[in-house]
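**Student:** Just the structure for this:
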Amino acid sequence: MKTGIITTDSYLNHDTGQGHPERADRVSVVIENLKKNKKLIWKKPCKFDTKYLKIAHKSDYIDEVKNSFPKKGLHFLDGDTIVSPGSRQASSDAVASIITAIDSVQNKEFKNVFCPVRPPGHHAEKDKAMGFCIYNNVAVGAHYLIEKYKLSKIAIIDFDVHHGNGTQDIFYDNEKVLYVSTHQYPFYPGTGTNNEKGKHDNILNIPLPAGTNSEEYMCAYEHVLKKLKEFKPEFLLFSAGFDAHQDDPLAQFKLKSEDFYDITKRTLKIVNEYTDNRVVSILEGGYDLNALRESSEYHLKALLQD
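**Tutor:** Prediction:
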């Protein structure tokens, strides 16, 4: 089976304003680079039932977001989360992409899938937009696996340099989802201490200091692998942020592009006997375009080899 790429061009119309770091170029450079790889199969997302949005997010919040998309210009959901007229379709397509990806893997159309989409999702809480994120794409995907496919052990591995406070918020009391995050701390958004463990010991935070290099990160990542062995997930979701790269302007980790191959490869080696290779990855952060292009390519290299 092949590795799939699921995305649409609606991300281009999600306008965040001049000078905003979360801009359309982020996805464009990833897509243009991956199109050179003839082993990848491209697919567009299908429509999805919005009831899955309402499982991850509160209904009032869904209504608030729907009413916030302006007919023209820009609207601020919070200090740095901006929506424009095109954000309605882009945010919907981002969710649709992970749902379509899950269906494609479950139905054995693809062995695994990467979704290069925007806006990102892991900061969006049950009832609040944050950190460039409107809907929590990966959280909707995990709930979809639980509701439609009746899975009871889903692992979310978040290697974005920022803690995924939204994903943690949504699954803090859910024993069916293991959320694991490696991130710079103290740092935005201020959450993610190692004593935030979830109601069922289903949260593992690995806060690391600014300046963390490749060797230090990989040593810490052994705790991620140990937790995955204990949990034995049936399906793996990656919140794939590439802003831990040494060239990223929004953080101070010192990872190299090829480290994202090692992170991905090590994770897959541990989980494959439990997941039967079922993996979906979705783009989160990453704000240096060259670093994002290279790092995502290394991530895909590991998915292709899986």
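**Student:** Look at residue 265 and give its secondary structure.
**Tutor:** helix (DSSP: H, G, I helix; E, B strand; the rest coil).
**Student:** Please look at it and residue 303 and confirm they touch.
**Tutor:** No - using CB atoms under 8 Å, residue 265 is not in contact with residue 303; the gap is 9.3 Å. The way it works is simple: take the backbone N, C-alpha and C, and place the C-beta from them, glycine included.
**Student:** These two: which has the busier surroundings?
**Tutor:** Counting neighbours by other CB atoms under 10 Å for residue 265 and for residue 303 shows that residue 303 has the greater number, 25 against 17.
**Student:** What score does the more buried one have for pLDDT?
**Tutor:** Note for residue 303: predicted pLDDT of 98.
**Student:** so who does it touch?
**Tutor:** 3, 112, 114, 264, 268, 279, 281 (CB atoms under 8 Å, 6 or more residues apart in numbering).
**Student:** and these as CSV, adding secondary structure, pLDDT and neighbour count?
**Tutor:** As requested, those are exported to CSV (DSSP: H, G, I helix; E, B strand; the rest coil; pLDDT from 0 to 100; neighbours: other CB atoms under 10 Å):
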residue, secondary structure, pLDDT, neighbour count
3, strand, 98, 22
112, strand, 98, 25
114, strand, 99, 28
264, helix, 98, 24
268, helix, 98, 19
279, strand, 98, 29
281, strand, 99, 26
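**Student:** For those, work out which two are farthest apart.
**Tutor:** 114 and 268 (12.9 Å; CB to CB).
**Student:** Model confidence score at residue 85, please.
**Tutor:** 98.
**Student:** And residue 306, by the same measure?
**Tutor:** Taking residue 306 on its own, its pLDDT is 82.
**Student:** Skip the chain neighbours and tell me the closest residue to it.
**Tutor:** Residue nearest to residue 306 in three dimensions, not counting chain neighbours: residue 268, with 4.9 Å by CB to CB, 6 or more residues apart in numbering.
**Student:** So that neighbour sits against residue 299, correct?
**Tutor:** No - counting by CB under 8 Å, residue 268 does not reach residue 299; the two are 10.8 Å apart.
**Student:** Determine the number of other residues adjacent to residue 39.
**Tutor:** So residue 39, with other CB under 10 Å, has 8 neighbours.
**Student:** now the helices for the stretch 151-300 of the chain?
**Tutor:** 165-171, 214-231, 259-275, 289-305 (DSSP state H, counting those that start in this stretch).
**Student:** Report the beta-bridge partner residues of the closest residue to residue 224 other than its chain neighbours.
**Tutor:** Spatial nearest neighbour of residue 224, excluding adjacent residues (CB to CB, 6+ apart): residue 180 at 5.3 Å. On the basis of DSSP bridges, residue 180 is bridged to residue 157, residue 204.
**Student:** how many neighbours does residue 180 have?
**Tutor:** When neighbours are counted by other CB under 10 Å, residue 180 comes out with 24.
**Student:** okay, it: pLDDT?
**Tutor:** 99.
**Student:** list the contacts for it?
**Tutor:** If you count contacts by CB under 8 Å, 6+ apart, then residue 180 has 155, 156, 157, 158, 203, 204, 205, 206, 224, 227, 228 around it.
**Student:** Just the closest of the contacts of residue 303 to residue 210, please.
**Tutor:** Nearest member of these to residue 210, counting by CB to CB, is residue 264, at 23.6 Å.
**Student:** so who does residue 291 touch?
**Tutor:** 242, 245, 246, 247, 248, 257.
**Student:** quick one: it from residue 24, how far?
**Tutor:** 17 Å (CB to CB, to the nearest Å).
**Student:** got it, and residue 209?
**Tutor:** From residue 209 to residue 24 the distance is 32 Å (CB to CB).
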